[in-house]
Every structure is written in structure tokens, then in C-alpha cells.
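Next input, structure requested:
(2 chains, ligands or ions: 2)
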Amino acid sequence: MMEPAMEPAMDKGIHIEGLSKRYGAGDTAVDALKEVNMSVAPGEVIGLVGPSGSGKTTLLKCLGAVIEPTRGRMTLGGEVIYEQGWKIPDLRALRRDRIGFVFQAPYLIPFLDVTDNVALLPMLAGRSNSESRARALELLQTLDVAHRARAQISELSGGEQQRVSIARALANRPPVILADEPTAPLDSERALTVMRILNQMARQYQTAIIVVTHDEKIIPTFKRIYHIRDGRTVEEAGEGREIS
Amino acid sequence: MINLAGRDILHSWGKFVLTGMGLGLLIGVTLTMAGVYRGMVDDAKVLLTNSGADLWVVQKDTQGPYAESSSIKDDVYRQILGLAGVARAANVTYLTMQVRHGDKDERTMVVGFEPDQPGEPGYLVAGRRLVRGHYEAIADVKTGFRLGERIRIRRHDYEVVGLTSRMVSSGGDPMVFIPLKDAQEAQFLKDNDAIIGDRARTAANPSLNRPGVPGLLDAINASQSSNRNVNAVLVRVEAGTAPDAVAKEIRRWKHLEAYTGTQMEDILIAKLIATAAKQIGMFLAILVIVSAAIVAFIIYTMTLGKIREIAVLKLIGTHNRTISAMILQQAVGLGLIGFAVGKIAATLWAPAFPKFVLLEPADAISGFVIVMVVCALASTLAIHAALKVDPAEAIGG
Ligand SMILES: Nc1ncnc2c1ncn2[C@@H]1O[C@H](COP(=O)(O)OP(=O)(O)O)[C@@H](O)[C@H]1O
Ligand SMILES: [Mg+2]
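Ligands and ions are numbered 1, 2, ... in the order given. Below is the predicted model:
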């Protein structure tokens, strides 16, 4: 795992300034993001809420370095990653080492067992198999799925799979986790469990977490929420309800 | 780092092994086709070696006696014996015919030879050589005849007194050896009705049936019903003599064609089985293309089934080369299973073929290399598809 260049702690986490994204060009161009500003501190979990087509996924894709913004500035863990072009030569390594992804469906690799699904990330980052597996086991323990460590993915319940995918997102201790509708397929109890875990992980590993959602069940758990509509964001305070 | 290809194969090994076996049977067929060709070449070589000759003397302007029919008089060998450097010269006849065995017809090549001369079968696996001048036979084990059984050839029965193995014609038909005189008779024998008809015609011809010349009609009839032809003379040259030189002499003075062993091999392999070889070559080419298409299709389908996983792998930072290697290794793995199954299948079913199938290790090695190359090439389609996958697809819409 690459350690980002040290900067004042207040600059860590995620900072987005004036971020715009235009798809296509000419008459058919779509301005999916218009001058978006957003900050997420290390250890903080924020909600990104908006109707369908408002630009939520586009924002995650820009932050996840899989599509290129049109304008603006993005800072991750204290390092500028985008400002009029990518500032990082190896986006693949950026995604591997500094961003964790959690999806609506767990998207685990079916031909790897639970441990190796998590251990794959440290391995890809060049760590030894034994060290990677040790780290995976530790995370699985934290997430209460260590008893399934050698299970096949197909043997897991939906909730267990989502925990494993959170463990995978955390495996390289990234400063940032991007979660796209992580609770959509889960019932209310499991959805809240996932949110509790994300909050716990954010605190424990000082990770900045963005959760894209329109899940009414979990919206009250955020302390801060960004509403997005037609590519523009508005920040507001959330209820920040404790999850039992 | 874990081996992704290996894990995927282990995870869906049933599907993988089944596909590998299907491919393997195809590879088995391919190896067998090559073996059929090798077997034909080997049959031809064995035929030449077993005839124990240095030179084949045949009718002028023919490529006899195996590739074309050749007919020469049976006293020619005496003139050849007179040539410098010739140690032995003996008449032989070859006749491909059906012989009855029980209630089945066996296609065989009936060889007429003279005892103790070139053309006599060398090594017997059972029984003895021919001692009586008539109505004894030595048969190849592949004819199915056993010692003491009787072979019916035309109007006569022959007792099997000896057995050979691997004595086949260039067409792969097992041989039956009988005394030369019997063979000459069998080859040119007319049926009784034809003989009676011929005799009646001769007797009715006033210039052949002259009242004043007693015995003339009998002599003509005798000469008409006997056969003085053979198909070839097999020549053994004296030690230290070049067969080429003797062949040249025979061609120049005797109005006959003479072939050395190398020339005969060329005729048999390059000419006689050339069409068959091309036929097999076509088959091989088609089988290779079909196998390639199958591997490409299977690997492509398997990869398409993993598009989402590949997108996730790319998103979390897997290198393109790791993903390409995964697909390539699976293709090669499929090829390895296929080759193993194919080799085993070919080895198991080769003896069941009616003609000799010779599985040469060298062919297996080239087959292995071709399978590996074909699998690697076939995987490029799937690799191309996998590399086109956008990691953004993992995040979805
Ligand atoms: N690849 C694309 N090409 C063109 N337009 C796109 C593309 N992806 C998304 N859009 C458009 O951008 C807008 C925002 O989309 P998206 O970020 O997917 O919204 P959300 O995730 O909030 O539903 C929509 O109008 C959508 O049609
Ligand atoms: Mg979306």
C-alpha cells in the first residue's frame, strides 16, 4: 500500500471542488455533474442521496478513477488526484491501494473462497500470500464472518456476502470507501447492520466513506447528507441516529 | 499471488473436464488420422523389406508390380540371372482377391513365390515353410486363418501350414503365400465353360486343326490353357554390387523396367498413397480448424460468463496481463486435458482399426505443440473481449 504524501490532517479524506462531468458533445451532451463541491473527513460516513439520473453514479465513477471528469479538482487522502487531468500516473494502483469499492450486489469472485476474495487485494498490491491472508482473516473477524473464512461464495447468505465485500473494500486500508447502494437488496435489519459496520470501520480505520443511496431505512443514520439533483449538490445535516 | 486460472478451473472442474474430454476425443481422432497415414507408409516399407529384394524387375513403362499391373514372361529371370552382379532372381505374382474364410470373404493379396528365393516370407510366427510344390499356403495372421485350415482360392483348396505377421499389401490387405505355379494358374485360370468354349473354337478353326498334323490341336490347347506370365522378378544383387548399376543394365538390355528399393519406396509412398495422404491431410487440416474453433468458442463463452468478475478485477486493480494470463492458462489447460484424453483414446482404439495405425511419438509431440499453439491462438478472441471490459461496468449505472 502506497502511503500518500503527508499533508495537514484536515486535508485528508475526500475533497471535491467545482467538479463537472459532461458526457458526449454538441447537441447530445449531458452535463451529469455541475460544479459539485463535497468534503468527507477521515472516519466520516456521509450519504449521497438523489433521484435516479441525478449524477450519483457519475460522481462515484469520477472519484473511483474509472471515468475522467471534465473540470474541477479532487483530493484523496491529502493528495490531489485530479486537477485539469489526472495527477496520478497509475490509476489502477490508485484504485487498488487507496479506494475501496462496495457495490449494490457484492460482486465477489465466485471461484475464490471467502478469505482469498479479501486477500486478493493485498496480493495484487504485492504482499505475500500469508500476510495477505492473515490480514483478510483479521478483517473477517472484525466483520463477524471469520467462521465462513474457507467457505465458497455461493454458500454465503446475502448479508454475509455484503460483509465479505466490505472486508474486501477495506483490505488495503484505503483512506476512502465508495459504496453504491450497498443496502438495496437487504431487509431493514440487515441494511442497518451494514451501516453499523461501515460506521464502525470508518472510525476504526479512519476511512472516509461515501454511501450512495435512496434507501429510506438508512438515511436517518447519516450525520451529513449531500443531496444531488440535476448534477448539483446541496449539503444538509442528517439525523445521525445511532444504530443499535 | 494466487493463480486465478487454476482456481477458476478447480471451481468449475466438472464443466472444464467435460469440455476437455470432448476436445480430447477430437484430438484423439486427429492423432489417429496421422497414425493411419503413418501406418500406410509403414505398411509400404514393410512390404518392400519383407520381399527381400534389392531390385524389382517389371514390365517396361509400368510402375509395377504394386502400383500398376505388370506382366512379364516367366523365363525372363534366367536372362537376368546371367547379368553380372546378380546373385538371385525369382519370379513372383501378386493378385488381390477375395478368399473364402468360413462364410466370410476376406480381401487378401495372394503372393506366388518360389521357395528359398526372394519373395518368400521371412519370419513365420507359427507353422513351417512350404515344402510340397502344391496346395499349401502361408497366411498372415490378420487374414484370420489358423494353422491347418483350408483356404479356397479359385478352384483349389490350400492348407495353411505357416503364419506370418505384418505381411500386408500396400493397400493394407493381409497376404497369403502360395507356390508360384499355383498362383500363376489361379491368376490366369479360366473357368471350365470358357475352356470348353475355347477348345471348341480352336477345333473348329481349320488352320489350327489340320487333319494331316496329328497332335497339333492338343499342343495348341495346352498352350492356351497354361499361363507363362508373372508380375515381377525380384532380384538380389551380389554383395558389393550397387543395385543402381544392375538396374541400369537391365533397363538398357532387357527392355524391362527395374526399380531399386529407394525408387520402389518413392513409387509406393509418393505416388500410390499420395492421394490417400492428401485426403488425410485435408482431414487433419479440418480437424485442426474445428478444434481451434471449439477451443476459441469455449474459452470465449467462459470469458463472457465472467465479464462482471473481470470488470471487478480490473476495478480493484488487477493488471491486464494478469487477466490475459488467466484466460490463456485456461485455454492451455483445456488443451492439456484434451491432449491427454486424445492421446489415451487414440492409443486405446488404434488396435481396433482394421488397417495398421502407427502412433509415432514424434507425431504426438508435434500434435502437442500444435494443440498448445492452437489453444493459445484461440484464446486471443476471449482475451480481446476481456481487455475491452470497462472497469466502470463494475460500478454499474
Ligand atoms: N456513459 C454515459 N453517457 C452518456 N450519458 C450518461 C452516461 N452515464 C450516465 N449518463 C447520464 O448522466 C446523468 C447522470 O447519470 P448517473 O450518474 O448514472 O445517475 P444516477 O446514478 O444518480 O442515477 C443521467 O442523465 C444519465 O443519463
Ligand atoms: Mg446509479
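
What residues does chain A have near ligand 1?
With CB under 6 Å from any ligand atom as the criterion, chain A comes near ligand 1 at residues A:23, A:24, A:30, A:32, A:50, A:52, A:53, A:54, A:55, A:56, A:57, A:58. Bear in mind the C-beta positions are built from the backbone N, C-alpha and C, glycine included.

On the three-state scheme, the nearest residue to the last one once chain neighbours are set aside is what?
It stands for residue A:58. Distances taken as CB to CB, 6 or more residues apart in numbering or on different chains put residue A:32 closest to residue A:58, at 4.2 Å, once the chain neighbours are dropped. Put simply, residue A:32 is strand when judged by DSSP: H, G, I helix; E, B strand; the rest coil.

Run through who's touching stretch B:60-70.
With CB atoms under 8 Å, 6 or more residues apart in numbering or on different chains as the test, stretch B:60-70 has contacts from B:47, B:56, B:58-59, B:92, B:94, B:169-170, B:231-232, B:255-257, B:259, B:264, B:267-268, B:271-272.

Looking at the residues of chain A next to ligand 1, which is nearest residue B:303?
Nearest to residue B:303 among the residues of chain A next to ligand 1 is residue A:57, at 25.5 Å by CB to CB.

That closest one belongs to a helix?
Yes. The assignment for residue A:57 is a helix, going by three-state DSSP.

Looks like it contacts residue A:180 (just checking).
Yes. When contacts are counted by CB atoms under 8 Å, residue A:57 is listed as touching residue A:180 (6.4 Å).

re earlier: tell me which entries of the contacts of stretch B:60-70 lie within helices.
B:47, B:264 (DSSP state H).

how close does the residue in chain A that chain B sits nearest to sit to residue A:67?
The nearest approach of chain A to chain B comes at residue A:96, 2.5 Å away (CB to the nearest CB). For residue A:96, the distance to residue A:67 (CB to CB, to the nearest Å) stands at 17 Å.

Neighbours of residue B:245, how many?
12 (other CB atoms under 10 Å in any protein chain shown).

Mean confidence (pLDDT) on the strand or helix carrying it, please.
In the assignment (DSSP states H and E), residue B:245 maps to helix B:243-254. On average, the pLDDT along helix B:243-254 is 84.

Which residues belonging to that helix are considered buried?
Using 16 or more other CB atoms under 10 Å in any protein chain shown as the burial criterion, the residues of helix B:243-254 that qualify are B:243, B:246, B:247, B:249, B:250, B:254.

re the thing from before, touching, the residue of chain A closest to chain B and residue A:173? I think so.
No. If you go by CB under 8 Å, residue A:96 and residue A:173 don't touch, sitting 11.8 Å apart.

which of the two has more neighbours?
Each of residue A:96 and residue A:173 has its neighbours counted (other CB under 10 Å); residue A:96 has more, 25 against 16.

Could you verify that that one is part of a helix?
Yes. If the criterion is three-state DSSP, then residue A:96 is within a helix.

mind listing the helices in the chain by residue range?
Chain wasn't specified; assuming chain A. In chain A, the helices defined using DSSP H lie at A:56-63, A:91-98, A:114-124, A:129-142, A:158-170, A:188-205.

actually chain B
Going by DSSP H, chain B shows helices at B:4-11, B:13-50, B:76-81, B:180-188, B:192-204, B:216-225, B:243-254, B:261-265, B:274-304, B:307-315, B:320-349, B:361-388, B:392-395.

So is the last one next to ligand 1?
Right, the one you point to is helix B:392-395. No. On the criterion CB under 6 Å from any ligand atom, helix B:392-395 is out of touch with ligand 1, staying 8.1 Å away.

what's in contact with that helix?
A:57, A:60-61, A:64, A:66-67, A:101, A:103, A:107, A:180, B:307-308, B:311-312, B:314-315.

at 10 Å what do you get?
Contact with helix B:392-395 is made by A:57-58, A:60-61, A:64-67, A:101, A:103-105, A:107, A:178, A:180, A:212, B:307-316, as judged by CB atoms under 10 Å, 6 or more residues apart in numbering or on different chains.

which sections of chain A are below the confidence cut-off?
Within chain A, the segments meeting pLDDT under 70 span A:1-11.

check contacts around the closest residue to residue A:71 other than its chain neighbours.
Nearest non-adjacent residue to residue A:71, counting by CB to CB, 6+ apart: residue A:20, 4.3 Å away. By CB under 10 Å, 6+ apart, the contact set of residue A:20 is A:31, A:32, A:33, A:34, A:35, A:36, A:62, A:69, A:70, A:71, A:72, A:231.

try residue B:185
Residue B:185 neighbours (CB under 10 Å, 6+ apart): B:93, B:112, B:134, B:153, B:154, B:155, B:156, B:178, B:179, B:225, B:226, B:227.
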